[in-house]
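S.K.: need coordinates for the below:
(chains A and B)
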Amino acid sequence: MLNRRDFLQFTGLSGVALGAGMVPFQALAQSQNHLNFVFVFNGGGWDPTRVFANCFEQRAVDMELDAGISQIGDLRWVDHIDRPSVSTFFERYHSRSTIFNGLLVPSVAHGTCRRLMMTGTTNDGASDWAAIIAGESQISLSLPQMVLSGPSYPGQHGTSVTRAGTSGQLDALLSGEVLEWSDHHTERPSPRMEDRMDSYLLRRAAAAVQEANMPKAKELYEAYEASLIRGVELKDLREVINWSASGDLTAQGNLAAQILSLGISRTIMMNHGGVGWDSHTNNDNTQSQSWESLFGGLIDMADRFSTLPGRGGGSLLDETCIVVMSEMGRTPALNGNEGKDHWPYTSALVMGPGLQGGRVIGATDEFYYGEKIDYDSGEIWHDGQDLTVGNLGATLLASAGVDSRDYLPGMAPVYGVLK
Amino acid sequence: MVVALSLLWMGCAQQETPPELNHPDEAEEEVKDMGPDPIAQLFRASLDLRGVRPTMDEIDRVDADPEAYGDLVDEFLDDPRFEDRIINMYAEVFLTRADGYSVSAADYGLSSSNQFEFVRSVGDETLRMFAHIVANELPLTELVVGDWTMANELLAEIWPIEYPDGATGWAVSRYTDARPAAGILATNSFWWRYMSTTSNANRGKANAVSKILLCNDYLSKTIEFDRSVNLLDEDALNDALKTNPGCATCHNSLDPLASFLWGTYYTDYRSPSDLKYYHPEREHLWQSYGDIEPAYYGQPGEGLGDLGQFIAADPRFIDCAVERVFELLSQRDTSLDDTARMTEWRNDFVQSDLNMKTLFKSVLLDEGYRSTTLGDGPKATRKMVTPDMLGAQVEDLTGFVFESGGVPVLETDSGGLRTLAGGIDGTNVTRPATQPMTTLVLVQERFAQAAANHVVAHDRDNPDEARLFSDIDFHETPKNGEPQMVAQIQSLHLRLFGRHVAADGPEVVANLALWEDLYEVSLTIEDAWAGLLTVLLRDPDFLFY
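M.R.: Numbering: from 1, shown residues only, chains lettered A, B, ... in the order given. The predicted structure follows:
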């Protein structure tokens, strides 16, 4: 009898399924092509002038009167007594951090900006950066991209993307506990029964792939087979991982650390809502609280990653790029409700081994428009070109070893920031 | 004999793919240019229009006469499940089915246990109106000019709605707050989903109208920000929106469209009382926010009533309806290759007085929809079921409905499995999955297990009302009832996949071997059948059609 473990071994697709203690992907993170990525999305539209964008010299921008500037090396940020975690973070991780300022997101509508910020285009069939990097992975992974929370645009890479659900759904599916949710309670089959059924289906799926001749049908059967294999692998991991992370950034970071340490994912997506970023009223109070909780969570995540071993001799942090972004920026001036409305220039923080840390790329001018830059050097250059979300995406793809031209034709990476 | 064949097959399995698991009939269908397979067409039409697989009787009819397809399409269009299917299909277009709004059930004095019913009722008002128009063959223009809406008891309780005496469930109703006759443009459902701020001045809402009803999405175009315009100067900005070519391209038509919508503007989006009414007293707020008069692409007007009439008379409204039906049924975007037949469908649609059933029928009878292989024209490709179809076909076959606390788990993400099964949530996920992913396959597995156990128990206890297991009485084993078991497996393949499999064919041999394998572990006949059915319900062809 060929059981599912035999099948996985037989097909060479096992690895993590055989035990979490093993190191199935020794090659992982041996080069930049195998960096992990964690995307922290801050849905609602943050106000970069409270942390990233030093605009004290710009009359058009309403800065906080009691805020100041802090600097280590070339990295400068806005410091405020209500946001101590920001300085703690940069003091600890400045050399790994790159700030992108004056980043153009050519829209001011949440949905469109969200899509632009994550895919570089308004095409609703496009894959986001995380899905592309996961889908382009050269290694067979159980969960190429894990979406713990937040938006996700899988596009053509849908098979690579797995959602955890908002309240432990993935855990319940893997364990079979979901059957207990049903108003018509039913017992799950015994593990031995389930093994035999899985084995049968794995063979059936392989046969279906082999038989399919039309491209679309073949594509569907292949996606089914890959998903089935991943599901079987994940069931074997259910005793190792508790997928029910809360919405708290620290908890999500801990789960991400566990997933990446096991080598079963390449990209992780998570959302940080703070107390609400969309501050059309009472901007300073809500933004300040959200920034503080964001950086508190980032410190926890980076600290955790730095204590875990990576695959290549360093720490997990050495092999992971953490991308922190929001879909848009906010107007430079406060409105009549002490709020700020939507603005097409924003900032992003990238903390990753593929990029030169300790740098600020881009800037904003007196009207809080983005300055043009030279892509080759990453320096401000008035005769240069706009720094757009597409350039950011191309840079991330390049740092992941993905040819960005395949997905973002005409969008150059910021070569000057790549290592 | 079965045991011997099964052992022989298992012995080969580690060397190469066991041929018994292949489905050569299907492969041949795709390789040879043999024209549309009538049974495959039947399955496609039934799933698209009703969300379920055809009955044995319907399969027999097409087996006997492939031309019966046309009559069956008519019957499917008149099936009550077509209305449900329309609702689920168009949820992807209207995106009104959210898991939450800015107010909750508790804000209206309802129990928190009504929260799912609350959000579902709110989200479905728009969809039910559309589905009612389609199912009752009303002109599609009713969608934007109708003086009625659809409501259930819950909406009638919380909103100013006149609900018919003695009615139950969803029924044609009317708002009592003197809102204009403008179909979905005058529904709370639509505007709870699409809200605006004064600084946005209804532009986002106007774009939703344009995108959904005219297939013209302003936001699909990225904005060229002109650095010569000082965005911080309100007067300069408003002037630029009207005169700067980079801005005016969109804003010259979008902003006047937005000015129609001030009666649906909420001053406090967390106020239950503000949200339940239409506000005629705000219709002229456009004078305070931008001072752009309402106009529909150059034609001046006033209020939602005029807007609805303008849209109803716009040829793009018809083009968009045709394009949507095609894209929803084909699960792909339109291309230039589709132009000729879309023109034909459009003509038929117009001649039918914008009867959506006529439009659906045109597409369903089109060669490009029916054939995967014939000729040089556009061909149908395999598609994947959506979560509502997965749930509907499981229920239809087995009687099993997966609800948790009375909430269908495939219809929510709050403790449910909707997006994990490839569905949309109306906000973060706005396109259904078109390829399997891990969580979908896991959802399919758990559904299959529960449904298989359910139907086996049902059919064992109610043999006269058996849903699937009518060829056995759950006493047979290969030693004492192999012919009945073989007949049962053949029936299952026909009902589930539309395949006539031979009694000694590879599918039957493999399934019998699996049955014995499972019986060896479970030691009960019922569990072995439940296991076998689980595997069939988890088959890739239960997802693809």
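
S.K.: show me the domain layout of chain B.
M.R.: The record's domain split for chain B, according to automatic domain parsing, is B:2-35+B:384-542, B:82-186, B:195-313, B:315-368.

S.K.: ends of the third one, how far apart?
M.R.: So that's domain B:195-313. In terms of CA to CA, to the nearest Å, the two terminal residues of domain B:195-313 are separated by 26 Å.

S.K.: can you give me the neighbour number for the residue of the stretch 251-400 of chain B found nearest chain A?
M.R.: Using CB to the nearest CB, the point where the stretch 251-400 of chain B gets nearest to chain A is B:Thr381, with a distance of 3.9 Å. To be clear about C-beta, it is placed using only N, CA and C from the backbone, and glycine gets the same treatment. Other residues within reach of B:Thr381 by the criterion other CB atoms under 10 Å in any protein chain shown amount to 16.

S.K.: ok, it touching A:Ala212?
M.R.: No. If you go by CB atoms under 8 Å, B:Thr381 and A:Ala212 don't touch, sitting 11.5 Å apart.

S.K.: show me the shaky parts of chain B.
M.R.: Low-confidence segments of chain B, defined by pLDDT under 70, span residues B:1-36, B:222, B:232, B:372-380.

S.K.: try 80
M.R.: By pLDDT under 80, the weakly predicted segments of chain B are B:1-36, B:199, B:220-242, B:245-246, B:249, B:371-380, B:428.

S.K.: longest strand in it, by residue count?
M.R.: Of all the segments assigned as strand in chain B under DSSP state E, the longest by residue count is strand B:171-175.

S.K.: ok, that strand: who's next to it in the sheet?
M.R.: Sheet pairing of strand B:171-175 (DSSP bridges) gives strand B:149-151 (antiparallel), strand B:161-162 (antiparallel).

S.K.: out of the ones you listed, deepest packed?
M.R.: Counting by mean count of other CB atoms under 10 Å in any protein chain shown, strand B:149-151 has the highest mean neighbour count of the strands paired with strand B:171-175, with a mean of 27.

S.K.: and the helix or strand just after that strand, how far from the chain's centre?
M.R.: Towards the C-terminus, the helix or strand next in line after strand B:149-151, according to DSSP states H and E, is helix B:153-158. Its chain's C-alpha centre and that of helix B:153-158 lie 25 Å apart, by CA atoms, centre = their mean, to the nearest Å.

S.K.: tell me the buried residues in helix B:153-158?
M.R.: Residues of helix B:153-158 classed as buried by neighbour count (16 or more other CB atoms under 10 Å in any protein chain shown): B:154-156, B:158.

S.K.: got it, and stretch B:223-233?
M.R.: By neighbour count on 16+ other CB under 10 Å, the buried set for stretch B:223-233 is B:223, B:225, B:229, B:231-232.

S.K.: returning to that earlier point: and the pLDDT for the closest residue to the residue of the stretch 251-400 of chain B closest to chain A other than its chain neighbours?
M.R.: Of all residues not flanking B:Thr381 in the chain, A:Lys216 sits nearest, at 3.9 Å (CB to CB, 6 or more residues apart in numbering or on different chains). Looking at A:Lys216, its pLDDT is 86.

S.K.: same thing with A:Ser137?
M.R.: Among the per-residue scores, A:Ser137 shows a pLDDT of 86.

S.K.: wait, it sits on A:Arg266?
M.R.: Yes. Counting by CB under 8 Å, A:Ser137 does reach A:Arg266; the two are 4.9 Å apart.

S.K.: that older thread, filter the buried residues of stretch B:223-233 down to the ones in helices?
M.R.: Of the buried residues of stretch B:223-233, none are assigned to helices by DSSP state H.

S.K.: list the beta-bridge partners for B:Met384.
M.R.: Beta bridges link B:Met384 to B:Phe544, judged by DSSP bridges.

S.K.: strands of the stretch 51-200 of chain A, start to end?
M.R.: If DSSP state E, counting those that start in this stretch is used as the criterion, the strands of the stretch 51-200 of chain A fall at A:68-72, A:75-79, A:97-104, A:145-147, A:161-163.

S.K.: out of those, which gets nearest to chain B?
M.R.: Taking CB to the nearest CB as the criterion, strand A:161-163 is the member of the strands of the stretch 51-200 of chain A that comes nearest to chain B, at 4.7 Å.

S.K.: contacting residues around the residue nearest to B:Met195 when sequence neighbours are not counted?
M.R.: For B:Met195, the nearest residue in space outside its immediate sequence neighbours is B:Tyr269; the separation is 5.6 Å by CB to CB, 6+ apart. Listed by CB atoms under 8 Å, 6 or more residues apart in numbering or on different chains, the contact set of B:Tyr269 reads B:102, B:195, B:275.

S.K.: wait, the second one sits on B:Lys205?
M.R.: Yes. A contact is recorded between B:Met195 and B:Lys205 when judged using CB under 8 Å, the distance being 7.3 Å.

S.K.: compare those two (neighbour count), which wins?
M.R.: Neighbours were tallied for B:Met195 and for B:Lys205 using other CB under 10 Å; the higher tally belongs to B:Lys205 (24 against 17).
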